[in-house]
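[1] With the sequence up front, the predicted model follows.
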There are 2 protein chains.
Amino acid sequence: MRKPKVVVLGAGYGGIMTTVNLQKKLGVSEADITLVNKNDYHYETTWLHEVSAGTLHHDRSRVPVKNLINTSKVNFVQDTVVDVKTEEKRVILENSELEYDYLVVALGYESETFGIKGLKEHAFSIANINSARLIREHIDYVFATYNNEVEKRDELLTIVVGGAGFTGIELVGELANRVPQLCKEFDIPREKVRVICVEAAPTALPGFDPELVEYAVTQLERKGVEFKIGTAIKEATEEGIIVAKDDQVEEIKAATVIWAAGVRGSYLIEKAGFENMRGRVKVDPQLRAPGLDNVFIVGDCSLMINPETERPYPPTAQIAMQQGETCAHNLAVLVRGQGEMQEFKPDLKGTVCSLGHDDAIGVVFGRKLFGSSASFMKKVVDNRALYLQGGAGLVMKKGKFNFF
Amino acid sequence: MRKPKVVVLGAGYGGIMTTVNLQKKLGVSEADITLVNKNDYHYETTWLHEVSAGTLHHDRSRVPVKNLINTSKVNFVQDTVVDVKTEEKRVILENSELEYDYLVVALGYESETFGIKGLKEHAFSIANINSARLIREHIDYVFATYNNEVEKRDELLTIVVGGAGFTGIELVGELANRVPQLCKEFDIPREKVRVICVEAAPTALPGFDPELVEYAVTQLERKGVEFKIGTAIKEATEEGIIVAKDDQVEEIKAATVIWAAGVRGSYLIEKAGFENMRGRVKVDPQLRAPGLDNVFIVGDCSLMINPETERPYPPTAQIAMQQGETCAHNLAVLVRGQGEMQEFKPDLKGTVCSLGHDDAIGVVFGRKLFGSSASFMKKVVDNRALYLQGGAGLVMKKGKFNFF
């Protein structure tokens, strides 16, 4: 009897959790499982703001795929997905093609610039390991340039972060910790450096508890971060950005602009012809694409409505990982032709937003947390994610234990 | 009685050795000694190729001036020299002016591009701590960029070093050691990286023993360095360089071009009106500027003819440091109005050229050295320089002990 072919696209949170759980549930004789990923490593996307700021080395935030999967059960193909042909049950890769009976699309997110002029050309975004360490190296380079010029250009030392959402806030928190190190490394007076966070919404961290938001903003301002709230980025240029608040237009010269205000699902979702909103597919309760019983979509390419708020769940690692577990269960049911598929229900344990390695805010199990207890919890969250992906061994290798 | 004012300009090898010896010879009541330097640190110029390549952190190659001088005897002014008015016995600094009775000009070297088109705009040079760490950060940045581009541009990974003289060879030696680290750091296949050394003369290391030169070139080629000997750089552009060998013109695309083929004395020498050749003043045997009994010039701004070869001594740290000792002696004689001034005679102990941390070539006390024994001797030379500047304490702090 021919074994069903299961293909998982992407080794991010959703893809890796699907694969790790699937290899536990299914025996070698039950299915051919193939995992496809562009790189030979998985990375912790939620840690990339630290890599970008230069406070965590990128090797600390990634792990070889082969350390996570059981290679006697899962076939790993390192290649880039070019297209998905659902009618032909085929995936086109850059160097080969794969047929499947069951497909898991876990292709992650991309930066969404909402058509703001110049952002794509002149702003960095935190998309992956490569782009995160490029930001780190760019900042190092412009800081190193400063003292080489006879006429000092202070804009070399200005870093603009677009967006005071979760990613933007976590990034400026790390940058605030990084700046003193950069000043020491490159002999730069601290007062010359500016870290500016620009947010179009009327508040930082929209949706967060206002008391926590106030704490976060105050703490970051104390560390030297400037906030421009209710201020929209109109354009990014070679020199910096142009912002507007009410009718006031201002140019901010900055050698480093990082866009951290929007993500969308992979452009491959559109290319493959799935019905979607910004690269996200509204999946059924079993996590399948509409009308396709054999195609699961998990992580940032999937869209589910939270019935309580009637708005989509945010694209978080927490949800992607939980989806991976449900997806693996449902796949096992389909492959075996027995059992009951599960409906996906996120188990939201809470959210913790880091403000640098020693500070954070959050709501966990309905309780508000500030400062070192929130920071402790953030590291627990990060280590728990590692545990789910790779067990205690991975936690020991890459875990965060600088609790105090 | 008014104390004579001694002003030393520059805290490089020549200036710091003059000051360190002077503060030993003269009591506080005998003279007012002032040392002027742009930075609050002295750096080991002969180590800057390591800083540039990223194999040695710049903090390892510099030391606060105040750790070297006795601040109860020497007044340290951190400022930039703008001009020297020898007729008025005044030095113009950016933020103040100083009068002197005796002056020591030890303003060091600058890069000399011999009018080659585009070099100033498009090539880096190893001039000081700032420019050396800029090279390091630039290389990191272009290597980090490589994997972010859809169409890979291999020229991002090409490093051209102009000149196979002492500095050029030492630089490619460090780069050869650095490249594997860079490849690991930025996930780059080693075979994509090129380090090319271009030299217009018919041999690498002109003036060195041919057997040693052959050893050096062979060893560096084994580490992946490409040599283009007898090849002149005609132009540097935004894309790389244009070279010519005989009548063959070739373009080499390279994101990093480092000019290491020429130095000259400080442009301040010309500005101050000293008779000079490329910023170097032919000093008398007591190291004084022609016609100026109270102005000493030491280090790379001085020019002395080697009677054996009838050519100028090369601008080396060894000679600058020895000049500092003689200069301090002669100053003490003048200040006291007693004793006998010395004529400067370089005591050339030899030359060792590093080929990376584990290899070198050299001639020491007339004996040829290769490989690890030369590399050992190179570190002895480096540590001895530290000892002369700052005693055993400085050797312990900054010395090179990675002998094997």
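    Sure, I can see it.

[2] and A:Glu275, how many neighbours does it have?
    Other residues within reach of A:Glu275, judged by other Cβ atoms under 10 Å in any protein chain shown, total 11. Using the backbone N, CA and C atoms, a C-beta is placed for each residue, glycine as well.

[3] Quick check: it touching A:Pro290?
    Yes - here A:Glu275 reaches A:Pro290: they are 6.1 Å apart, a contact under Cβ atoms under 8 Å.

[4] OK, contacts around the residue nearest to A:Pro312 when sequence neighbours are not counted?
    Excluding the flanking residues, the one nearest A:Pro312 by Cβ to Cβ, 6 or more residues apart in numbering or on different chains is A:Leu303, at 5.3 Å. Going by Cβ atoms under 8 Å, 6 or more residues apart in numbering or on different chains, A:Leu303 touches A:Gly265, A:Asn276, A:Met277, A:Arg280, A:Val281, A:Lys282, A:Val283, A:Pro312.

[5] A:Val179 now?
    A:Arg190, A:Val193, A:Val195, A:Gly224.

[6] Does A:Gln219 belong to a helix, a strand or coil?
    helix (DSSP: H, G, I helix; E, B strand; the rest coil).

[7] Most neighbours among the contacts of A:Leu303, which one?
    A:Gly265 leads those on contacts (other Cβ under 10 Å) with 27 neighbours.

[8] Between A:Glu275 and A:Pro290, which contacts overlap?
    A:Val281, A:Lys282.

[9] Break chain A down into its structural domains.
    A:5-111+A:263-348, A:119-259, A:350-404 (automatic domain parsing).

[10] and B:Gly207, which of those domains is closest to it?
    Proximity to B:Gly207 (Cβ to Cβ) singles out domain A:119-259 among the domains of chain A, at 31.4 Å.

[11] Now do the end-to-end distance for that closest one.
    Start and end residues of domain A:119-259 are separated by 8 Å (Cα to Cα, to the nearest Å).

[12] Same check on stretch A:6-16?
    By Cα to Cα, the extent of stretch A:6-16 from end to end equals 14 Å.

[13] what pLDDT, on average, does that stretch get?
    On average, the pLDDT along stretch A:6-16 is 98.

[14] What residues does the nearest residue to A:Phe274 once chain neighbours are set aside make contact with?
    Nearest non-adjacent residue to A:Phe274, counting by Cβ to Cβ, 6+ apart: A:Val281, 4.8 Å away. Contacts for A:Val281 (Cβ under 8 Å, 6+ apart) come out as A:Val105, A:Gly265, A:Ile269, A:Phe274, A:Glu275, A:Ala289, A:Pro290, A:Ile297, A:Cys301, A:Ser302, A:Leu303.

[15] Equivalent analysis for A:Gly118, please.
    By Cβ under 8 Å, 6+ apart, A:Gly118 lies in contact with A:Glu235, A:Ala236, A:Thr237.

[16] Would you mind giving me the confidence score for the closest residue in space to A:Lys38 that isn't next to it in sequence?
    Counting by Cβ to Cβ, 6+ apart, A:Lys38 lies nearest to A:Thr80, which is 4.8 Å off, once chain neighbours are set aside. At A:Thr80, the predicted lDDT confidence score is 97.

[17] what do you get for A:Met1?
    Reported pLDDT for A:Met1: 67.

[18] Quick one: the helices in the stretch 151-300 of chain A, in order.
    Assigned by DSSP state H, counting those that start in this stretch, the helices in the stretch 151-300 of chain A fall at A:166-186, A:210-222, A:267-271.

[19] now swap in the stretch 301-404 of chain A and tell me
    Going by DSSP H, counting those that start in this stretch, the stretch 301-404 of chain A shows helices at A:317-336, A:371-398.

[20] out of those helices, deepest packed?
    With neighbours taken as mean count of other Cβ atoms under 10 Å in any protein chain shown, the helices of the stretch 301-404 of chain A reach their highest mean count in helix A:317-336, at a mean of 22.

[21] one step back: most neighbours of all the contacts of A:Val179, which one?
    Ranking the contacts of A:Val179 using other Cβ under 10 Å puts A:Val195 first, with 25 neighbours.

[22] what sits against the residue nearest the centre of chain A?
    Taking Cα atoms, centre = their mean, the centroid of chain A lies closest to A:Thr45, which sits 4.0 Å from it. A:Thr45 is in contact with A:Gly12, A:Tyr13, A:Gly108, A:Tyr109, A:Asn128, A:Ala317, counting by Cβ under 8 Å, 6+ apart.

[23] can you tell me which of the contacts of A:Val281 are in strands?
    A:Val105, A:Gly265, A:Ile297, A:Ser302, A:Leu303 (DSSP state E).

[24] quick one: which of those residues is nearest chain B?
    Nearest to chain B, judged by Cβ to the nearest Cβ, of the ones in strands among the contacts of A:Val281 is A:Gly265 at 19.3 Å.

[25] so what pLDDT did that closest one get?
    96.

[26] same check, this time on A:Met377
    Value listed for A:Met377 in the pLDDT field: 88.

[27] Likewise for A:Ser372?
    Taking A:Ser372 on its own, its pLDDT is 89.

[28] Am I right that it is in contact with A:Leu355?
    No - in this structure, A:Ser372 is not within contact of A:Leu355 by Cβ under 8 Å, at 11.0 Å.

[29] What segments of the stretch 1-150 of chain A are helices?
    Counting by DSSP H, counting those that start in this stretch, the helices of the stretch 1-150 of chain A are A:13-25, A:48-53, A:65-68, A:119-122, A:129-146.

[30] From chain B, how far out is A:His49?
    17 Å (Cβ to the nearest Cβ, to the nearest Å).

[31] what's around the closest residue to A:Lys89 other than its chain neighbours, how many residues?
    Computed as Cβ to Cβ, 6+ apart, the closest residue to A:Lys89 that is not its neighbour in sequence is A:Tyr100, at 5.5 Å. For A:Tyr100, the count of nearby residues is 22 (other Cβ under 10 Å).

[32] Just to check, A:Tyr100 is in contact with A:Val91?
    Yes - with contact defined as Cβ under 8 Å, A:Tyr100 reaches A:Val91; the gap is 6.5 Å.

[33] still on that earlier bit, closest to A:Val335 out of the helices of the stretch 1-150 of chain A?
    From these, taking Cβ to Cβ, the stretch that ends up closest is helix A:13-25, at 8.9 Å.

[34] Can you give me the buried ones in that closest one?
    A:Tyr13, A:Gly14, A:Gly15, A:Ile16, A:Met17, A:Thr18, A:Thr19, A:Val20, A:Asn21, A:Leu22, A:Gln23 (16 or more other Cβ atoms under 10 Å in any protein chain shown).

[35] now do stretch A:143-154
    So, applying 16+ other Cβ under 10 Å, buried residues of stretch A:143-154: A:Phe143, A:Ala144, A:Thr145, A:Tyr146, A:Asn147.

[36] List the contacts of the residue nearest to A:Ser29 when sequence neighbours are not counted.
    Spatial nearest neighbour of A:Ser29, excluding adjacent residues (Cβ to Cβ, 6+ apart): A:Lys3 at 7.1 Å. For A:Lys3, the contact set (Cβ under 8 Å, 6+ apart) comprises A:Ser29, A:Glu30, A:Ala31, A:Asp32.

[37] and the residue lying closest to A:Ile361 once chain neighbours are set aside, how far is that from A:Val195?
    Of all residues not flanking A:Ile361 in the chain, A:Leu212 sits nearest, at 4.2 Å (Cβ to Cβ, 6+ apart). Using Cβ to Cβ, to the nearest Å, one gets 21 Å for the distance from A:Leu212 to A:Val195.

[38] how long is stretch A:223-238 from one end to the other?
    28 Å.
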